[in-house]
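could you work out the structure for the sequence below:
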Amino acid sequence: YRAWQHDIASREDKRKREREEAEVAATRIGSTTLTMGVKVGDGGKLYGSITSKDIADALARRGITVDKHKIELDEPLKSLGTYKVAIKVMSGMSPEVTIVVEPKG
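This next block holds a predicted model:
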């Protein structure tokens, strides 16, 4: 019985730690603006696009590790502008990172 109680307490502590870590990550993500420089052709059309992997890599360079599958991007970003992209950190917690897509150079 005592081992069972210890096991439950241990799991609750782990969940609490995970939630606290997720809240810290959510705060960092929500206050982050990524500026992505891309090659642009005539009429502001991008050569290529910004994908979930590009966003995950840019966040990683800032010390924020995110699984690219948690980035809620319906389709790659294909034009210049400012975007808000949600990242699912934990169930019920999806902060938005600001992404500015601008011409490179």
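
okay, now the unreliable bits of this structure?
Flagging of the chain using pLDDT under 70 yields the residue ranges 105.

going along the chain, name the helices of the chain.
2-30, 52-61 (DSSP state H).

and Val38, which of those is closest to it?
helix 52-61 (9.4 Å; Cβ to Cβ). Bear in mind the C-beta positions are built from the backbone N, C-alpha and C, glycine included.

what does that closest one rub up against?
Taking Cβ atoms under 8 Å, 6 or more residues apart in numbering as the criterion, the residues outside helix 52-61 that touch it are 29, 32, 34, 36, 65-69, 71, 73, 85, 97, 99.

ok so, going back, for Ser91, find the nearest of the helices of the chain.
Going by Cβ to Cβ, the one of the helices of the chain nearest Ser91 is helix 2-30, 9.3 Å.

for that closest one, name the packing helices and strands.
Judged by 3 or more Cβ pairs under 8 Å, 6 or more residues apart in numbering; DSSP states H and E, helix 2-30 is in contact with strand 96-103.
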